[in-house]
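Participant: The sequence isn't on hand, but the structure is:
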């Protein structure tokens, strides 16, 4: 077992033991629109995935009003819980709010996505 897979397994165990910190969200993976030339229709498809995530805020020294705004939300998702890589077209539903994915990063052990969202 590599160090990377050991850390990934530890992240999953940590999620299980700290379940009270994780919130139910719906991750909507939205495929880009496609154009049907014969009908003129533009269509896109959405795949909704229910999963657990940690919802947080960005630190005050990160908020610059441009790249990071006061209202931005930091969403931490285990990599294994999401079958696609986050895209700028995707949305996250938490409670009654729908957030747009602004950016994402992957931790060095490839165990978690950190997703920046904005409503």
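Facilitator: Arrived safely, thanks for sending. Since the model is a prediction, treat every value here as computed from it, not as a measurement.

Participant: For the nearest residue to residue 88 once chain neighbours are set aside, grab phi and psi.
Facilitator: Closest residue in space to residue 88, ignoring its immediate chain neighbours: residue 101 at 5.9 Å, by C-beta to C-beta, 6 or more residues apart in numbering. C-beta here means a position set from N, CA and C on the backbone, and glycine is covered the same way. Dihedral angles of residue 101 (phi, psi; degrees, to the nearest 10) stand at phi -70, psi 130.

Participant: Renumber starting at 34 from here on
Facilitator: Right, with 34 as the first residue, what we last looked at is residue 134.

Participant: List the strands paired with the worst-scoring helix or strand of the chain on mean pLDDT, with their directions.
Facilitator: Lowest by mean pLDDT, DSSP states H and E among the helices and strands of the chain is strand 67-68, with a mean of 80. With DSSP bridges as the test, strand 67-68 is paired with strand 75-76 (antiparallel).

Participant: Show me the contact partners of the partner strand.
Facilitator: Here strand 75-76 makes contact (C-beta atoms under 8 Å, 6 or more residues apart in numbering) with 66, 67, 68, 69.

Participant: The second one: neighbouring residues, count only.
Facilitator: Burial of residue 67 is recorded as 10 neighbouring residues (other C-beta atoms under 10 Å).

Participant: The chain: strands as residue ranges?
Facilitator: Here the chain has its strands, by DSSP state E, at 56-63, 67-68, 75-76, 79-89, 106-111, 124-127, 130-139, 145-151.
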